[in-house]
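Visitor: Generate coordinates for the sequence data below:
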Amino acid sequence: MFEKNTDELFNKLKKDPDIEKFLADNQNEFTKPLNEYLGCLLEQKHFTKKDLYKKLCCEPSHVYHIFKGEKKPSRKFLLAMARVMQLNLEETQYLLRYGGYGILYPRNTWDAVIISAIEQNLSVADTDELLNNLNEEPILNQKLAVNG
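Guide: Okay, here's the model as predicted:
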């Protein structure tokens, strides 16, 4: 996704007293708004918004509002989108950061199940079945999975 890792950027930032130069030199290394990042993911994964809302079994307007930047999806909804697009763990972690949420944490039981589902490339339905079997909350248990 990025050319430089976070440590490289951090070290350059600490060494370069000229913040304007740093920002200009590293323009492509900064995060985008969530809706722009989602658009890039759709393109990379050869998905459409229609594919997403159909596979997520949600109202088309929910997805369109998210892609316009008008609504903030919940963490669980972002994770469901990640499963639909078959994102790997690194891509999913980036998606959560872009969405303003904490990354998946293996010391959290629910998160550990999601990490396992990602590594097994499970669908949303299969992930929810796994969560249910382990007495954990499903990903899509909310009628409206957006905030704001």
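
Visitor: where do the helices sit along the chain?
Guide: With DSSP state H applied, the chain shows helices at 6-15, 19-25, 34-45, 49-56, 60-67, 75-84, 89-98, 109-119, 124-133, listed in chain order.

Visitor: Identify whichever of those helices lies nearest to residue 139.
Guide: Ranking the helices of the chain by distance to residue 139, with C-beta to C-beta as the measure, places helix 75-84 first at 4.7 Å. No exception for glycine: its C-beta is placed from N, CA and C like everyone else's.

Visitor: from the chain's centre, how far out does that closest one sit?
Guide: The gap between where helix 75-84 is centred and where its chain is centred comes out at 7 Å by C-alpha atoms, centre = their mean, to the nearest Å.

Visitor: Now do that helix against helix 49-56: the angle between them, please.
Guide: Computed with axes from the mean of the first three to the mean of the last three C-alpha atoms, to 10 degrees, the direction of helix 75-84 lies at 110 degrees from that of helix 49-56.

Visitor: Show me what helix 75-84 is packed up against.
Guide: The helices and strands touching helix 75-84, judged by 3 or more C-beta pairs under 8 Å, 6 or more residues apart in numbering; DSSP states H and E, are helix 49-56, helix 89-98, helix 109-119, helix 124-133.

Visitor: Cool, thanks, signing off.
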